[in-house]
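Participant: Task: produce atomic coordinates for the following.
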Amino acid sequence: RYLSRGNIRSGETARETAHKLLSSNMVALEKTLDIICDETIDTCAGHLIRARRIAFIGLGSSGIIAQDSYFKFLRIGMSCIAPCDNHTMRMITAIMEPNDVIVAISHSGETAEILTLVDIARARGLKILALTEHHPSRLRRAADVSLTYIAAETPLETGSVAAKMAQFFLVDLLYTEVLKILPPSAMENCIRTNEAVQPMKR
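Facilitator: Numbers count the residues shown, from 1 in each chain. Sure thing, here's the model as predicted:
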């Protein structure tokens, strides 16, 4: 009775539940697609391309998205970092330069530690990109530009796959747009980094 996914029942089979979860995840992606704005994506891509350095910051489930984003953009030769703890995040933010970019990831947009980092970034003159759910929040108000998605969570669903998928989807879209704009050397970097890690997969 504690499951809050609408029509999921405790006595149903795993396969039935899987179909319902799949439907929920697809709805999140479709609703997110409906609110995507070309201008917003283009602005975010421009900030990332012009940045000397990019820091992806997120805690908890959002930290997973930050790490994945870091690996994506690192592979194409962009100077980026994704510190894993709040202490390191503060130090990195404090030494970044104006026009560097902070990508702040928070589903609620109200995570206190992330908002404090955004305040530090603002004082340093950094560009702030937010990745957050599509509702009013302090993070959206503080950011220069926001990438938003629709994947509402209840307190019992924190870190849901639907929210993560929507976040991954937007990061992947932004990454692809950046790659479309960068010179061919970016794709060459991607190929070289893939080749470099191939021996480790055997």
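
Participant: which other residues reach the longest strand along the chain?
Facilitator: Longest strand of the chain, by residue count under DSSP state E: strand 127-133. For strand 127-133, contacts defined as CB atoms under 8 Å, 6 or more residues apart in numbering pick out 44, 47-48, 51, 62, 65, 99-109, 118, 121-122, 139-140, 142-153, 163, 167, 170-171. To be clear about C-beta, it is placed using only N, CA and C from the backbone, and glycine gets the same treatment.

Participant: For that strand, which strands pair with it and how are they oriented?
Facilitator: Here strand 127-133 is paired, per DSSP bridges, with strand 101-105 (parallel), strand 145-149 (parallel).

Participant: Could you dump these into JSON lines with distance to residue 72 added?
Facilitator: JSON lines is the format used below for the strands paired with strand 127-133 (distance: least, CB to CB, whole Å):
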{"stretch": "strand 101-105", "distance to residue 72": "11"}
{"stretch": "strand 145-149", "distance to residue 72": "14"}
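
Participant: Of these, which is nearest residue 183?
Facilitator: Of all the strands paired with strand 127-133, strand 101-105 sits nearest to residue 183, with 19.5 Å by CB to CB.

Participant: Pull the residues that contact whichever helix or strand comes after that closest one.
Facilitator: For strand 101-105, the following helix or strand on the C-terminal side (DSSP states H and E) is helix 112-123. Contact with helix 112-123 is made by 57-59, 62, 86, 89-90, 93-94, 96, 102, 104-106, 128, 138-139, 142-143, as judged by CB under 8 Å, 6+ apart.

Participant: In terms of pLDDT, where does residue 157 sit?
Facilitator: On pLDDT, residue 157 comes in at 54.

Participant: I'd like to know which of the contacts of strand 127-133 are buried.
Facilitator: Neighbour-count burial (16 or more other CB atoms under 10 Å) applied to these gives 44, 47-48, 51, 62, 65, 100-107, 109, 118, 121-122, 139-140, 142-151, 153, 163, 167, 170-171.

Participant: Let me see the ranges of the helices in this protein.
Facilitator: 14-35, 38-50, 61-75, 86-95, 112-123, 138-142, 161-181, 184-197 (DSSP state H).

Participant: JSON lines for the ones you listed, including mean pLDDT?
Facilitator: Output for the helices of the chain, formatted as JSON lines (pLDDT from 0 to 100):
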{"stretch": "helix 14-35", "mean pLDDT": "89"}
{"stretch": "helix 38-50", "mean pLDDT": "97"}
{"stretch": "helix 61-75", "mean pLDDT": "95"}
{"stretch": "helix 86-95", "mean pLDDT": "95"}
{"stretch": "helix 112-123", "mean pLDDT": "96"}
{"stretch": "helix 138-142", "mean pLDDT": "97"}
{"stretch": "helix 161-181", "mean pLDDT": "95"}
{"stretch": "helix 184-197", "mean pLDDT": "89"}
